[in-house]
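Peer 1: Any chance you could fold what I've pasted below:
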Amino acid sequence: MSLEEQVLRWCALQIRHGQRPVIGLNGPVGAGKSTLARRLQELFAAAGLELAVASIDDAYLPWPQRLAAMAGNPYGVNRVPPGSHEPEALRQGVRRWRSAPDRILELPRFEKTLRGGQGDRVEPWRGPADALLLEGWMLACRPVEDLEIAISALQGRFSAAELAWWQRCNQALEGYLPLWQELDQLVMLWPSSWRWPRRWRLQAEARQRRRGGGWMPAAELNRLVTATLQSLPPDLYQQPVLARANSVRVLDQRRRSVWEGSGEAALARWAQPCSVSSSATG
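Peer 2: This is a model prediction of the structure:
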């Protein structure tokens, strides 16, 4: 049974018991989270069920607040790192939907094409839903508790400015924990090497450019990817998520599935040391 079929089967059982399940989907930039979400929506529709899809990025702070929250970061980005979102807006939408008699779900939405590609919040999305898939690169990540050990590990990889920003991001993750508590299942797309996400994102941007859609200059794209890898280094944040995941799909450099299984089994087989210093990623 494929990962998609497992998710559908589990959700259908929950729905039959009167529940409105929320599936979390974690994966690095460019891993194909949107593609997997579309496949799941098709499978759910074929089963007579409506799956709503949202991203943690739909809860980015409105423009002025986001600029203030991201001021001074060493990557020169105004979105992506923890602290650039309003997770409570998503959580409140989920809570209202779960108690609504009519299955109507209302969630914030973000449009990346606004403000010259910097993006801004737009009118909320509203519609009926039997289940919700919430996706994002930092989904279910929790703050590191032993700061002393983490700082010691990062000092050789990060500059002083990057290390200070990492500590700020780690603290900001506290604000996301109530939203993570709403997740009933956790699915993860895991790269067989952490060299791949940068390549995947560059490939996706090249496809956008060929299609004539909105695209990002290479330098700006590089800053965004670096901000994801260094705000929450994968070995400190993604591997603990991997251990808790219900279902994992491991991807090769061409984003093909090379393995599927539980998070516990994936951790034993596919966990990898990774260095995300500026020299390694930039």
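Peer 1: tell me the average confidence for the helix or strand hosting residue 125?
Peer 2: Counting by DSSP states H and E, the element that carries residue 125 is strand 120-128. Strand 120-128 carries an average pLDDT of 97.
Peer 1: helices and strands around the helix or strand following it, which ones?
Peer 2: Counting by DSSP H and E, the element after strand 120-128 in chain order, helix or strand, is strand 131-136. Applying 3 or more Cβ pairs under 8 Å, 6 or more residues apart in numbering; DSSP states H and E, one finds that strand 131-136 contacts helix 3-16, strand 22-26, helix 33-46, strand 51-55, helix 87-99. Bear in mind the C-beta positions are built from the backbone N, C-alpha and C, glycine included.
Peer 1: Pull the residues that contact the strand holding residue 125.
Peer 2: If you take Cβ atoms under 8 Å, 6 or more residues apart in numbering as the criterion, strand 120-128 is touched by 50, 52, 54, 58, 60-63, 93, 102-111, 114.
Peer 1: Kindly recompute the last result at 6 Å.
Peer 2: Contacting residues not belonging to strand 120-128 are listed as 50, 62-63, 103-104, 106-111, 114 [Cβ atoms under 6 Å, 6 or more residues apart in numbering].
Peer 1: Off-centre distance for it?
Peer 2: The offset between the C-alpha centroid of strand 120-128 and the centroid of the whole chain comes to 19 Å, using Cα atoms, centre = their mean, to the nearest Å.
Peer 1: Okay, now the sheet partners of the helix or strand that contains residue 110, with direction.
Peer 2: Taking DSSP H and E as the criterion, the element that holds residue 110 is strand 104-111. Paired with strand 104-111 in the same sheet, following DSSP bridges, are strand 120-128 (antiparallel).
Peer 1: If you count neighbours, what's buried in the strand it pairs with?
Peer 2: Of the residues in strand 120-128, those buried by neighbour count under the rule 16 or more other Cβ atoms under 10 Å are 120-121.
Peer 1: what angle do it and strand 51-55 make?
Peer 2: Between the axes of strand 120-128 and strand 51-55, defined by axes from the mean of the first three to the mean of the last three Cα atoms, to 10 degrees, the angle is 170 degrees.
Peer 1: So which residue is dead centre in this structure?
Peer 2: Nearest to the mean C-alpha position of the chain, by Cα atoms, centre = their mean, lies residue 136 at 1.5 Å.
Peer 1: Name the spans of the stretch 101-250 of the chain whose pLDDT lies under the cut-off.
Peer 2: Within the stretch 101-250 of the chain, the set of residues satisfying pLDDT under 70 comprises 208-216.
Peer 1: What ranges does it have for its helices?
Peer 2: In the stretch 101-250 of the chain, the helices defined using DSSP state H, counting those that start in this stretch lie at 114-117, 147-154, 160-172, 177-180, 196-211, 218-231, 234-244.
Peer 1: Could you export those helices to JSON lines, including columns for distance to residue 80 and mean neighbour count?
Peer 2: Output for the helices of the stretch 101-250 of the chain, formatted as JSON lines (distance: least, Cβ to Cβ, whole Å; neighbours: other Cβ atoms under 10 Å):
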{"stretch": "helix 114-117", "distance to residue 80": "14", "mean neighbour count": "11"}
{"stretch": "helix 147-154", "distance to residue 80": "19", "mean neighbour count": "14"}
{"stretch": "helix 160-172", "distance to residue 80": "10", "mean neighbour count": "17"}
{"stretch": "helix 177-180", "distance to residue 80": "17", "mean neighbour count": "18"}
{"stretch": "helix 196-211", "distance to residue 80": "12", "mean neighbour count": "16"}
{"stretch": "helix 218-231", "distance to residue 80": "5", "mean neighbour count": "20"}
{"stretch": "helix 234-244", "distance to residue 80": "14", "mean neighbour count": "20"}
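Peer 1: For the contacts of strand 120-128, could you give me TSV that also reports distance to residue 42?
Peer 2: Compiled in TSV, the contacts of strand 120-128 are given as follows (distance: Cβ to Cβ, whole Å):
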residue	distance to residue 42
50	12
62	33
63	34
103	19
104	22
106	23
107	21
108	25
109	21
110	24
111	24
114	29
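Peer 1: before we move on, back to that, I'd say the residue nearest to the centre of the chain and residue 56 touch.
Peer 2: Yes - using Cβ atoms under 6 Å, residue 136 and residue 56 qualify as a contacting pair, with a distance of 3.3 Å.
Peer 1: Around the residue lying closest to residue 5 once chain neighbours are set aside, how many other residues sit close by?
Peer 2: By the measure of Cβ to Cβ, 6 or more residues apart in numbering, the closest residue to residue 5 outside its immediate chain neighbours is residue 43, 7.4 Å from it. Other residues near residue 43 come to 18 when the count uses other Cβ atoms under 10 Å.
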